[in-house]
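> how would this look folded up:
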Amino acid sequence: MTSTWNVNLVDSFLDILVRLTTGGARYLLAFVGAFMVSLLLTPPVREFARKTGMVDQPNARRINKVSIPIGGGMAIFFAFHFVLLVFARCSAGGNISASFDYFWLWSFFWASSLLLVIGFLDDKYGLKPLLKLFGQIVVASILFFSGVNVGGIFVAFPGWLDYGVTVFWIVGAINAFNLIDGMDGLASGLSLIASMGVAGALVFGGHTADTIPYLILAGACLGFLRYNFHPASVFLGDSGSMFLGLCVATLPLMSGSRKELVASLGVPLLAMGIPIFDTMLAIWRRSARALLPKDLLGASGQTRVMQPDKDHLHHRILRKTMNQRTAAVTLYLASAALVLVGLSGMLLRNYAPGFFMIAFIVATVVAVRHMISVELWDTGRLLSKKRATLRQAVVLPVYIVCDIIFLVFAWVTARFFTGMPLGREDFIYKIPVAIAIVFVSLVVGGTYRKVWSRAQMRDYVVLTFTLLVATILAAGFMLMFEKVTYGLVKFSLVMFMCSLFPLIGIRVLRECVSSIVHLIERYVIRDREDTERVVVYGGGLKFGLFIQYIISRVGNNKTLVVGLVDDDINLKGRVISGYKVMGDSDHIESIVQETGAHRVIIACDISDDMRQNMLSRFAGCDVKISIWRCSEKELK
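Now for the predicted structure:
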């Protein structure tokens, strides 16, 4: 009797479970069920990690000040797969939806289990980066051959290309979440936002049934976040962060209609914007520092691309806020904003281009301001250094190759805009002759004998005139051999304009880089203790030469011009070489006090009386007076 009652109870419970997992309440049950399982599993997983010695010890690169167990992400893994299995067991044929069928369920389980083992071994023993990367590639390969692939979202890729792109996408996402997991609650919180964002995109796209895995993942992340948010009592570890990256990267490749770009990949890309951006910056930053001379590395000390640093997004925000909660919430809001941009684009399709344009401009401004003091600064120092690779013997061939490419582009563009034919014979026979005429004209005009890094305005005027003559000769060649009677003037003008700006641009590139790096340097060194703040008196030729001297020392410069003074009343408020004239010499004391200058540099000719007057006005204070000299003096 008791046995029959127990069987009936189990059958009733299963019947209720089936009803819940097949009706409208299934979506709430997916989220809440995963949340409860993760919430209950995390404490025992935390104790298991502590007893097995998987503990993150504080060090110079870590944020945590006390020992904290790692590997807590295993709770998310088990909660996700347990609830997913329950839904599959209660669904017809074991299929959660048309996209997430029984075959996918077990393929993803085994692949993610292998990744969990790799992460566990890394948390426990510390695997070599290349070995861990090999394991990630194996996991991505398993998923690819089980049907998870990028090909078809944009265009139909060949098999080998589809494999390469898919593996790159999955492995990149895994490592992106692994890198971003450097602060309490960051990776798990970003995964929660990403999964909810993609679920929203699927709902808007009419694929509600495909939201189940995302809701389960979101619930599991929220349950774990209870213990992972600052002050965290357990960390994800590589086993958890890599699993989250795998889910966020691969689930969208199976969701909805592959013809719907936003629902398939667009929103996930935006949802993963923070980890992807941080990973790109890390590669960029470490590559630049690996190439910098050791004397310029400073406090970063970066010498290898694979060497970790403390310049990730969360590190920088934490340095400004000095609070992990504030830093995490800041990144949460940034990620949520990116997701809202994607979802708004789906809802407001008629306004999407303008909406995305504004969002792109805002994101670009924020990103550039964020990169100024680190990535742009390191890259600028690298490009502005006078390295052996930039000697004339190497620069000259670069100029020649670039000039030929620009000329070919200009010739093709000119023929296109004048309606002239662009057939196979034109590319094989006519374009080499036309380009040869222009190139020989540049050689005769002395273009390749000049040192363009020290060119004057007259050199660019000569180049412009030489190019104009060369394009007219090329047009004459067309008239002689093609018997063209239309569009010659237009052809000459278009070819001249399309080739002039690139040819000049490549020659002023290095000077432009130096000037941009100088602007970045002004931003970087303004708050350093060893920076000497100076006010310059005189905005004439000597001031221009003084600025050029500072630019030539970019990367090693500790002088910051904070003010410019000139006695010409017409110059007050105007900008000279990027510096605003703040007043005349009668107000120099107040300008020095206002800017906190340590030195006044005189960059103009002054009388002895003016010199004595300047010394007496700053006598008794810590401000030093010096004169910038750049004049001829006979040797005796």
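> mind listing the strands in the protein by residue range?
55-56, 68-69, 532-537, 559-565, 575-576, 579-583, 599-602, 624-627 (DSSP state E).
> Nearest to residue 504, out of the ones you listed?
strand 575-576 (24.0 Å; CB to CB). All C-beta spots, glycine's among them, are computed from the backbone N, C-alpha and C.
> That closest one pairs with which strands, and in what direction?
strand 579-583 (antiparallel) (DSSP bridges).
> what does the average pLDDT come to for the strand it pairs with?
The pLDDT scores in strand 579-583 average 90.
> Take the strands of the chain and lay them out in a markdown table including mean neighbour count and distance to residue 80.
Below are the strands of the chain laid out as a markdown table (neighbours: other CB atoms under 10 Å; distance: least, CB to CB, whole Å):
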| stretch | mean neighbour count | distance to residue 80 |
| --- | --- | --- |
| strand 55-56 | 18 | 23 |
| strand 68-69 | 23 | 20 |
| strand 532-537 | 21 | 56 |
| strand 559-565 | 22 | 53 |
| strand 575-576 | 14 | 58 |
| strand 579-583 | 17 | 58 |
| strand 599-602 | 20 | 63 |
| strand 624-627 | 14 | 66 |
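> Out of the ones you listed, flag the one nearest residue 374.
strand 559-565 (18.7 Å).
> okay, now residue 510: neighbour count?
Per other CB atoms under 10 Å, the neighbour tally for residue 510 reads 16.
> Distance of the closest residue to it other than its chain neighbours relative to residue 509?
Spatial nearest neighbour of residue 510, excluding adjacent residues (CB to CB, 6 or more residues apart in numbering): residue 453 at 5.7 Å. Applying CB to CB, to the nearest Å, the value for residue 453 to residue 509 is 10 Å.
> Comparing the strands of the chain, which yields the minimum mean pLDDT?
strand 55-56 (a mean of 82).
> Strand partners (parallel or antiparallel) of that one?
strand 68-69 (antiparallel).
> chain center to the strand it pairs with: distance?
31 Å (CA atoms, centre = their mean, to the nearest Å).
> hmm, who's touching it?
46, 47, 49, 50, 54, 55, 56, 232, 233, 234, 235 (CB atoms under 8 Å, 6 or more residues apart in numbering).
> rewinding a little: separation between the residue nearest to residue 510 and residue 512?
12 Å.
> Between those two, point out the one with more neighbours.
residue 453 (15 against 10).
> wait, isn't that one in contact with residue 511?
Yes. Between residue 453 and residue 511 a contact is recorded at 7.1 Å, counting by CB atoms under 8 Å.
> and residue 576, bridged to which residues?
Applying DSSP bridges, one finds that residue 576 bridges with residue 579.
> any idea how far residue 278 is from residue 182?
9 Å.
> How about residue 326?
18 Å.
> Who has more neighbours out of the two?
Relative neighbour count places residue 278 above the other of residue 326 and residue 278, with 22 against 14, counting by other CB under 10 Å.
> residue contacts, the closest residue in space to that one that isn't next to it in sequence?
In space, and not counting its chain neighbours, residue 278 is closest to residue 313: 4.7 Å by CB to CB, 6+ apart. Going by CB under 8 Å, 6+ apart, residue 313 touches 180, 274, 277, 278, 281, 331, 370.
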